[in-house]
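>>> Next input, structure requested:
(one chain, ligands or ions: 1)
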Amino acid sequence: MRILLSNDDGYFAPGLQALAESLAQIGEVTVVAPERDRSGASNSLTLDRPLTVRKSHLGYWYVNGTPTDCVHLAVTGLIDQLPDIVVSGINHGTNMGDDTIYSGTVAAATEGFLLGIPAIAVSLASRHAGNFATAGRVARDLVSRLMGARPPGPWLLNVNVPDVPYESLAGQEVTRLGKRHKAEGVVKSKNPRGDTVYWVGPAGSAADAGPGTDFHAVAQGRVSITPLQMDLTHFEQLDALREWLAA
Ligand code: MN
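Numbers count the residues shown, from 1 in each chain. Presented below is the predicted three-dimensional model:
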């Protein structure tokens, strides 16, 4: 099995290394990852300059572009043989609910999915990130299982793993995305030259986080697995909008 691995925290990130080491036990791993932290890059492609690919001392390819660039490059010309699966992560921090819209971790997996390859995004649900090995093992088990008896696809799975030792996990749950409260406001500040600058504020807290959501599963100590799709059409509004426009 050929596994293409990427992330958004950068090629040097401990979560990426933990995932690469874990997945190397079940397949041939190729890493193509951004050269710096591109968290929040979403599905952006670099179109205004060429991209450079270099190799790290661990044999990882790193690119001066986005997570989406990395997977796009890898699948459309950088590597010789197409991967059987794209795995992204292990992100340092959750990607639940609305986070998935902004996430570079999810975006790297999405790019694989859009290019016709099954894909999984893996995030560790903690800002302190002690238990990357737990998420590495969860990802390995899931990839083994999926590639052994493939469910009808293509599929794109968003996985969030509680930051606990593997033995302390309370199982796994297939979930839907929850929703967060509106993000907090920008933080206004001055740079050393006296110019006003703004930091984008933190994400809002969980709002729609009841049973069945990713937020709820992780809060209960369970691995959350959400199947995602990319069609943004609001199907329920199609008829209403047609009628309204025709009136
Ligand atoms: Mn990140």
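
>>> What about residue 149, how many residues nearby?
6 (other CB atoms under 10 Å). In this view, the C-beta of every residue, glycine as well, is placed from N, C-alpha and C.

>>> what sits against it?
Contact analysis of residue 149 by CB atoms under 8 Å, 6 or more residues apart in numbering lists nothing.

>>> Backbone dihedrals for it, please?
phi -130, psi 90 (degrees, to the nearest 10).

>>> And it, how far from the ion?
31 Å (CB to the ion, to the nearest Å).

>>> near the ion, which residues of the chain?
The chain comes close to the ion at residues 8, 9, 39, 91, as judged by CB under 5 Å from the ion.

>>> again, only using 6 Å
Counting by CB under 6 Å from the ion, the residues of the chain close to the ion are 8, 9, 39, 91, 92, 105.

>>> Now rank the residues you listed by neighbours and give me the top one.
Tallying neighbours with other CB under 10 Å puts residue 8 at the head of these, with 32 neighbours.

>>> doesn't that residue fall inside a helix?
No - counting by DSSP: H, G, I helix; E, B strand; the rest coil, one finds residue 8 to be coil, located in no helix.

>>> Could you give the number of residues near the residue lying closest to it once chain neighbours are set aside?
Setting aside the residues directly before and after it, residue 8 is nearest to residue 104 in space (CB to CB, 6 or more residues apart in numbering), at 2.8 Å. Using other CB under 10 Å, residue 104 is surrounded by 28 other residues.

>>> Likewise for residue 196?
8.

>>> Confidence-wise, which helix or strand of this protein is lowest on average?
strand 206-208 (a mean of 92; mean pLDDT, DSSP states H and E).

>>> Save the residues of the chain next to the ion as TSV, and put in pLDDT and distance to residue 164 too.
Formatted as TSV, the residues of the chain next to the ion follow (pLDDT from 0 to 100; distance: CB to CB, whole Å):
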residue	pLDDT	distance to residue 164
8	98	23
9	98	20
39	96	23
91	97	16
92	96	16
105	98	20
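
>>> from the residues you listed, which single one is nearest the ion?
Nearest to the ion among those is residue 39, at 3.2 Å by CB to the ion.

>>> ok, and what's touching stretch 198-208?
Stretch 198-208 is contacted by residues 96-99, 178-189, 215 when judged by CB under 8 Å, 6+ apart.

>>> Mind checking which of these are in strands?
If you go by DSSP state E, the contacts of stretch 198-208 have 179, 180, 187, 188, 189 in strands.

>>> Show the contacting residues for the third one.
The one in question is residue 187. Per CB under 8 Å, 6+ apart, neighbours of residue 187: 198, 199, 201.
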